[in-house]
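Peer 1: coordinates only, sequence not included:
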């Protein structure tokens, strides 16, 4: 595929100057529109060593307002990056709405190199590219524009350029043995590049091959491509603007004004009532006596502390998710898990409504920034499941968005698992009467009264809607690599031991 | 000093339980107050190896709401951290208002260890501790509560604990040769610790030595200390609340309602008119012909590109600050500096009003997060000087705050310079007539009309106030390690070459 491309195209200096002036004005104008519409833009530059990526990126960013973009040069991952799943360093760099992220090398680099060096076998390669495709599709679905350039030069041209760099006193240090090795492996690389481009050339994130022999020709093609794609998306966006106007900002979320809230519970129930509820078949009466509890607590807290050191030594990342009804006892449960742990080995992250910066990214972005590094435990007190619970019920996201989220969440958890991580998820389940008892008890306890808010009472009124959402969540996101455990939590002792036991046994098995 | 402390104090299990219950409730309550008042809290745990810092931190955080604190375990700096000034990894972790940051080891660790290993000589030690004192004082002045615990055990106790850890199969791997080396060096360490504690025990950030032999005694002392300090500050805060109520949020800044804006220019001029204005003695008529400009531009752009590679090779960090009147030509000037550079080696950071997250930190925090790593250039299009320019003039901060800022800024720039960084600052100066010409030209150019806003016209009306502020800034923050260059910018060609030349010559001298 790359082999058939005509690399002799060029353009004269005079023509270049004439064309560029207009293109630069145009792209600056489009960038301002993008900013106004809060569209995030990702532009990837991949290609051969010495293909001129640096110069082309520089030409590209010059007309842009420097306030609105970042250039990320992706070297080999550093220590910290190696301790996180492969996509972490890219997820955390995805732009907020209205900004452009330019990647000089990207999530393709490692897969390309490992393929050539045969560290990834032919039968595994699909897995790697499908992980990348999911990543790009998720961002695309969220409104990102993704453009991927492959800067292409011939073997001969590459050799010529490396020689030139090497013969110049000021630049000779830039040419390494690796560059020459890559030139030597040109034939292997061209196969891998062609294979990779084919496997990841999607509507969500198309590849554009740039003939890189003549810099002027390459620059103009890059500009024209970006202009065309941005214009297409802006027009598309403006056509849809009526639809979008139905969403207004409220409570810090996108809020759909058109939903008739009075009818909402009913709608959900009609849709879903045929499903048998997992929550209905839970035996909520399970309990444990205080004496047994104390004994068991001591036993498992000792074991989890030992496990913590082993996790650290073996560099295992562990993610524990707590979800559950208000007042189900998440806080107290988490406390029993962490009470005896070394604080250097774990972190508890409590998830509330997203802040301004978080809201302007993909909703999974703020969770990607918080995942544990290898050897550490992160406990999420509420989590990314908010998307299919509170955001669904309160209309803080569109129906399309929460329906899409099941798949997105599974893909994220798959990424963690593929990296060797353990993912455990708990739903703390109490019944409606027990919740009322606990709300009233909080009201009567001066040390706990701050815990109860009007929102808790409002959520309680929507119990039935939440139940439908919880059921669907448990069914659609349960997986071998990230299982849900429903915890009967009317009795706090029973619930605490059940969670601790599940964590300890799962981790002991993995170690 | 540490030597005279009685390390035999202990407390019984029963007494401990009784006391702790109340202390835990109390501290949880204070944390909620802290959150409401948006006070940032920093708690440092330093001390001997095996002194039990981990366990004590865990005891301390248990009653806290996990949503409101972070524990940072400070290992040796990683690759990225090594490429930033020493305080960078601490500055970037300072808490936002209402949150608590617990540091397990801190900014003291390296200085302590280097002192014992004689990497820092006795006559240099003052410099290190004064850098730390400045850091803590800046945070204190901004409203942070800083509490520093030193967990103290005897040489014998340390040896006993290391042996116990080593003899236990599960924990033996935790004891390293370094731990034994430190135990062997106990006498050296106790001298260094005593010296360091004495040098940095300030009102802004007091040290409290915790007798660590008995964990129960230590835990209670930590709780009582934190409670006492938090209560003191909260009372203090509540007394001052009338004063603070005069500030309301406006335009994303704290805004002082009591300032009579009609009279403001006058006040400033009365105060300051005796100072001779630097801006008045600038020869604004300096200019350069187009032919010469083109020749010079080519020459310096070539040289700066060569310098960029050398900077990278020599791991030199470079900070370039642009300030200047609206329409003074900062953007075009920056473009000429970067036009020929490799985008992998530099970044342009444009500074606008702070966002929600930035506003809840010390105002220098968002600049610390953006400084270049060694080998890279960061160009700031506007900067931390906003504090003594727009924030001063518009009343977005209090008079006390902007007056304090001159020193804070100098200290920050000193940190960069001490790390080996080059700091260059340019004030682009045009006269009032030239600004009017440029505003009008923008209005008449369809590609530039977006650049001009109502705010520009409002700022223009405050020209005289700004002039006073600029003058004071230039005088008070000019330093050998971070010099200001006033650039005559009525003629753009002249201004661009002057800046380029200054950068090139300064860097060539340093390389």
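Peer 2: Sure, I can see it. Computed from a predicted model, the values in this text were never measured in an experiment.
Peer 1: which regions of chain A sit below the pLDDT cut-off?
Peer 2: A:239-275 (pLDDT under 70).
Peer 1: one more time with 50, if that's ok
Peer 2: A:242-273 (pLDDT under 50).
Peer 1: Next up, phi/psi of residue A:359, please.
Peer 2: Main-chain torsions, residue A:359, degrees, to the nearest 10: phi -60, psi -30.
Peer 1: what about it, how many residues close to it?
Peer 2: Using other C-beta atoms under 10 Å in any protein chain shown, residue A:359 has 17 neighbouring residues. The C-beta positions use only the backbone N, C-alpha and C, and glycine is treated the same way.
Peer 1: Report how many residues lie close to the spatially closest residue to residue A:78 that is not a sequence neighbour.
Peer 2: What sits nearest to residue A:78 in space, not counting adjacent residues and going by C-beta to C-beta, 6 or more residues apart in numbering or on different chains, is residue B:79, at 5.1 Å. A total of 11 residues lie near residue B:79 under the criterion other C-beta under 10 Å.
Peer 1: Could you do residue A:444 as well?
Peer 2: 8.
Peer 1: For the helix or strand containing residue A:26, name the packing helices and strands.
Peer 2: Per DSSP states H and E, residue A:26 falls inside helix A:13-37. Packed against helix A:13-37, as judged by 3 or more C-beta pairs under 8 Å, 6 or more residues apart in numbering or on different chains; DSSP states H and E, are the following elements: helix A:215-239.
Peer 1: buried set for the helix it packs on?
Peer 2: A:216-223, A:225-227, A:229-230, A:233-234, A:237 (16 or more other C-beta atoms under 10 Å in any protein chain shown).
Peer 1: same deal with stretch A:414-426?
Peer 2: So stretch A:414-426, judged by 16+ other C-beta under 10 Å, has buried residues A:414, A:415, A:416, A:417, A:419, A:421, A:422, A:423, A:424, A:425, A:426.
Peer 1: Give me the nearest residue to the second one, chain neighbours excluded.
Peer 2: Setting aside the residues directly before and after it, residue A:415 is nearest to residue A:85 in space (C-beta to C-beta, 6+ apart), at 4.9 Å.
Peer 1: Kindly report the same for residue A:417.
Peer 2: Nearest non-adjacent residue to residue A:417 (C-beta to C-beta, 6+ apart): residue A:481, at 3.6 Å.
Peer 1: Quick one: residues contacting the one you found.
Peer 2: Residue A:481 makes contact with A:413, A:414, A:417, A:423, according to C-beta atoms under 8 Å, 6 or more residues apart in numbering or on different chains.
Peer 1: Just the residues you listed: which are in strands?
Peer 2: Using DSSP state E, the members of the contacts of residue A:481 that fall within strands are residue A:423.
Peer 1: ok, of the contacts of residue A:481, which one's closest to chain B?
Peer 2: residue A:423 (19.5 Å; C-beta to the nearest C-beta).
Peer 1: Leaving out chain neighbours, which residue sits closest to that closest one?
Peer 2: residue A:482 is the one closest to residue A:423 (C-beta to C-beta, 6+ apart), at 3.8 Å.
Peer 1: shouldn't that neighbour be in contact with residue A:418?
Peer 2: No - in this structure, residue A:482 is not within contact of residue A:418 by C-beta atoms under 8 Å, at 11.2 Å.
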